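K.L.:
just coords:
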């Protein structure tokens with residue numbers, strides 16, 4: 001096989017893969033739209049996930065983790081660092097009141113904010129430019145603080161289940177590292 005024939009073959013394979021990628025991206029977008037519509041139907045029928053504020057008086061958050069849709073975020077040693085609530089388009093992480101996590105403790109800013117969330121937002125902005133998503137679907141986030149103390153991390157338009165797992169995993173890893181640094185000081 002000549003070099004020219006091999007190049008033609010590779011170009012054909014490349015074009016076939018490009019067309020398949022476009023078809024798969026369209027299929028993924030259709031699935032996302034279907035999920036959004038299903039979520040709307042569920043909400044219309046009256047199903048609502050309880051919010052963290054709906055925890056019964058006198059009960060601890062740990063008692064109501066499953067009832068209220070909260071997920072405990074734990075260190076690798078099993079210590080609860082805070083709680084994550086997941087909504088249709090929003091994830092909210094609230095650290096335990098007795099743990100003072102600071103925005104200045106690495107790797108919060110360098111890893112979680114800059115490498116994880118900012119990269120996801122940049123990817124979404126690129127998808128807006130290419131017309132894949134609308135501007136109101138771009139990931140956004142807020143870190144609510146009191147001075148440097150992190151009170152809450154709110155992430156909106158996180159995307160789908162895969163991204164939600166990636167955010168949750170990155171958040172757990174980040175806060176676990178911060179927790180280790182807090183214990184060492």
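P.N.:
Arrived safely, thanks for sending. None of the values given here were measured: they were computed from a predicted structure.

K.L.:
going forward, measure contacts between C-alpha atoms and count neighbours the same way
P.N.:
Will do.

K.L.:
which regions of the protein lie under the pLDDT threshold?
P.N.:
Along the chain, the parts satisfying pLDDT under 70 run over 43-69.

K.L.:
the domain parsing of it - what is it?
P.N.:
1-48, 52-184 (automatic domain parsing).

K.L.:
any idea which of these is most buried?
P.N.:
Per-stretch averages of neighbours, counted by mean count of other CA atoms under 10 Å, single out domain 52-184 among these, with a mean of 16.

K.L.:
residue boundaries of the helices in the chain?
P.N.:
Along the chain, counting by DSSP state H, helices occupy 3-44, 118-129, 161-184.

K.L.:
Which among those is found nearest to residue 84?
P.N.:
Among those, the nearest to residue 84 by CA to CA is helix 161-184 (8.3 Å).

K.L.:
Now do the closest one: everything it contacts.
P.N.:
73-76, 81, 101, 105-108, 111-112, 116-117, 158 (CA atoms under 8 Å, 6 or more residues apart in numbering).

K.L.:
and if you look at stretch 15-33?
P.N.:
Stretch 15-33 is contacted by residues 132, 160 when judged by CA under 8 Å, 6+ apart.

K.L.:
and with 10 Å instead?
P.N.:
When contacts are defined by CA atoms under 10 Å, 6 or more residues apart in numbering, stretch 15-33 is touched by residues 9-14, 34-39, 132-133, 159-160.

K.L.:
Report the two of these separated the most.
P.N.:
The distance between the two most remote of those (CA to CA) is 44.8 Å, for 9 and 39.

K.L.:
Against residue 10, how distant is residue 95?
P.N.:
52 Å (CA to CA, to the nearest Å).

K.L.:
Who are the contact partners of the nearest residue to residue 158 once chain neighbours are set aside?
P.N.:
Take residue 158 and drop its neighbours on the chain: the residue closest to it by CA to CA, 6 or more residues apart in numbering is residue 139, 5.4 Å away. Residue 139 makes contact with 89-90, 117-125, 155-159 under the criterion CA under 10 Å, 6+ apart.

K.L.:
try it again with 7 Å
P.N.:
By CA atoms under 7 Å, 6 or more residues apart in numbering, the contact set of residue 139 is 120, 121, 124, 156, 157, 158.
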